[in-house]
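Student: Just the structure for this:
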Amino acid sequence: MLPRIAHVAEKSATSLGIVGLLGLGVYSFADIWTIRIGWLVITVLEALLSVGAFSVGVAATGLLLIYEVWRSGTPDDERVTAGPPVEAIVPAYRDADVVDRSVSSLLDNDYGPLSITIVVEPDDGKTRERAVELAREHDAVEWLTNAVPGSKATAINTAVEASDADHFVVFDADERASPAFVSTAMCDLTGEADVFQGRRVPRPTDAVGTIAYCERVIVQAGYLVGELVGFTHCQSSATGFTRKAFDAVGGYADMLTEDIYFSHQCHRADLTVARNSRCTSSMETPHTLRDLWGQRKRWRIGHVQVVHRRIREALEGDLGGTDLVTIGRSVGAVLAGAILLILSAQVLLLFVFSWETALLPLASIFGTILGVWGRDVLDGRVGVPSWSIALAPIIYFGHGVLTVKALFEYALTWDGEWYQVTKTGN
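Tutor: Numbers count the residues shown, from 1 in each chain. Okay, the predicted model is just below:
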């Protein structure tokens with residue numbers, strides 16, 4: 001009975017939260033702000049100010065991301081094609097049909113010596129069989145079983161602890177690594193960087209995939225805001241790191257979104273993270289709205305989990321300057337998701353009463369997405385967008401809904417389960 005009551009409470013709280021934030025947007029729409037600059041007095045709708053600020057922020061981060069991806073390819077003097085041994089780690093769970101993608105692309109990398117370790121779960125016989133086949137076919141490939149079954153984080157930790165290498169790169173099973181990824185990462189990792197982060201983009205092959213691609217571009221542009229305060233996002237895929245960095249943070253934490261927490265670990269340990277948006281890999285997208293929703297909800301719940309853990313850690317120990325930055329960044333990201341519902345209501349009302357004023361945020365959103373998409377089309381990573389690109393502005397509303405849903409689900413009903421997207425190899 002109690003679990004049922006908890007689920008009812010979670011759904012009710014989520015609905016009230018969403019409606020409340022949308023209502024706040026409607027309520028504040030007609031508020032008038034008076035701005036005085038000397039003798040000049042300006043009155044303006046609050047909605048125009050907030051939507052205008054949002055549009056400028058999207059345009060600014062979007063232009064920066066576009067600049068990064070359109071820069072010329074990595075010069076030879078920023079790559080190292082030979083040096084210390086590198087181990088590529090490919091965690092795989094129910095990935096028998098797609099693990100070839102990651103392995104084959106890593107085999108085509110231009111760095112040596114490079115070995116590849118596929119880490120499988122003990123209850124996933126099909127993926128283990130495919131890993132064994134790949135190890136037989138390629139001398140550079142080996143496989144092992146996750147020593148602490150149940151998560152990607154422990155799979156990575158298992159591979160690092162079993163290896164003699166001092167440099168590692170990590171990729172998801174369905175990723176296609178950039179041919180120059182390892183050589184580019186090693187240039188930084190043998191220099192001043194402790195961690196290297198490339199860019200990942202979904203491979204949109206249908207309408208849902210197009211929405212997933214647009215969402216990733218929007219999020220990647222948002223990551224650039226964190227860099228203004230020195231917080232560089234690093235992940236558990238398309239990522240490189242040294243053993244020294246791994247030991248400094250105690251490896252990946254067994255969490256729903258181990259990559260987000262890894263970013264916090266690196267920042268707290270004062271590690272140097274080098275990010276290169278020109279070094280791009282691609283991954284399979286969700287193919288159904290159910291998978292897209294489930295995957296994104298898992299990520300948002302994971303973000304809330306990180307916020308909870310970081311606040312608890314700060315309260316249990318000394319609160320330093322790095323803690324303030326990381327906690328502020330994580331809490332701010334969650335609050336920003338909720339604020340998107342207020343902005344969504346304001347933009348909708350602007351469009352109804354004065355449609356031309358709503359063109360600025362739309363131009364910022366589509367300009368960012370198309371600017372990045374054009375680069376990926378030229379590089380052969382994606383094709384032309386589906387009609388569903390027209391739905392891109394709704395992503396912000398969906399992100400707000402997911403944030404509210406994740407907050408209450410984590411607090412009331414989440415029991416540690418996680419959602420896995422169906423992968424087809426497309």
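
Student: dump the residue contacts of Asp188.
Tutor: 196, 240, 274, 276 (C-beta atoms under 8 Å, 6 or more residues apart in numbering). Just so you know, the C-beta spots here come from the backbone N, C-alpha and C atoms, and that holds for glycine as well.

Student: element containing the second one?
Tutor: In other words, Gly240. Assessed by DSSP states H and E, Gly240 sits inside strand 239-242.

Student: Can you list the strands that that strand pairs with?
Tutor: strand 167-170 (antiparallel), strand 195-203 (antiparallel) (DSSP bridges).

Student: How far does it sit from its chain's centre?
Tutor: Offset of strand 239-242 from its chain centre (C-alpha atoms, centre = their mean, to the nearest Å): 17 Å.

Student: immediately after that strand, which helix or strand?
Tutor: Later in the chain than strand 239-242, the nearest helix or strand by DSSP H and E is helix 243-249.

Student: just checking, Gly383 touches Asp376?
Tutor: No - Gly383 lies out of contact with Asp376 (C-beta atoms under 8 Å); the separation is 9.5 Å.

Student: between these two, who's got more neighbours?
Tutor: Asp376 (21 against 14; other C-beta atoms under 10 Å).

Student: What residues sit buried inside the longest helix anywhere in the chain?
Tutor: Longest helix in the chain, counting residues (DSSP state H): helix 321-353. Within helix 321-353, the residues that qualify as buried are 323, 325-327, 329-330, 333-334, 337-350, counting by 16 or more other C-beta atoms under 10 Å.

Student: and that helix, what does it pack onto?
Tutor: helix 2-29, helix 46-70, helix 258-268, helix 289-316, helix 394-412 (3 or more C-beta pairs under 8 Å, 6 or more residues apart in numbering; DSSP states H and E).

Student: Report the angle between the first one and helix 46-70.
Tutor: Using axes from the mean of the first three to the mean of the last three C-alpha atoms, to 10 degrees, one finds that helix 2-29 and helix 46-70 are set 110 degrees apart in direction.

Student: for the record, mean pLDDT for helix 2-29?
Tutor: Mean pLDDT, helix 2-29: 87.

Student: do the fourth one as well
Tutor: Averaged across helix 289-316, the pLDDT comes to 90.

Student: That one: how far from the chain's middle?
Tutor: 12 Å.

Student: and if you look at the shortest one?
Tutor: What separates the centre of helix 258-268 from the centre of its chain is 12 Å, taken as C-alpha atoms, centre = their mean.

Student: For it, name the packing helices and strands.
Tutor: helix 152-162, helix 243-249, helix 289-316, helix 321-353.

Student: Equivalent analysis for the fourth one, please.
Tutor: If contacts are counted by 3+ C-beta pairs under 8 Å, 6+ apart, helix 289-316 sits against helix 207-227, helix 258-268, helix 321-353, helix 394-412.

Student: Let me know the angle separating the second one from helix 321-353.
Tutor: Spelled out, that is helix 258-268. Using the same axes, to 10 degrees: helix 258-268 against helix 321-353 is 130 degrees.

Student: who's in contact with the nearest residue to Gly367 once chain neighbours are set aside?
Tutor: Of all residues not flanking Gly367 in the chain, Gly62 sits nearest, at 6.2 Å (C-beta to C-beta, 6 or more residues apart in numbering). For Gly62, the contacting residues are 221, 364, 367-368, 371, by C-beta under 8 Å, 6+ apart.

Student: and stretch 124-143, what's its mean pLDDT?
Tutor: 95.
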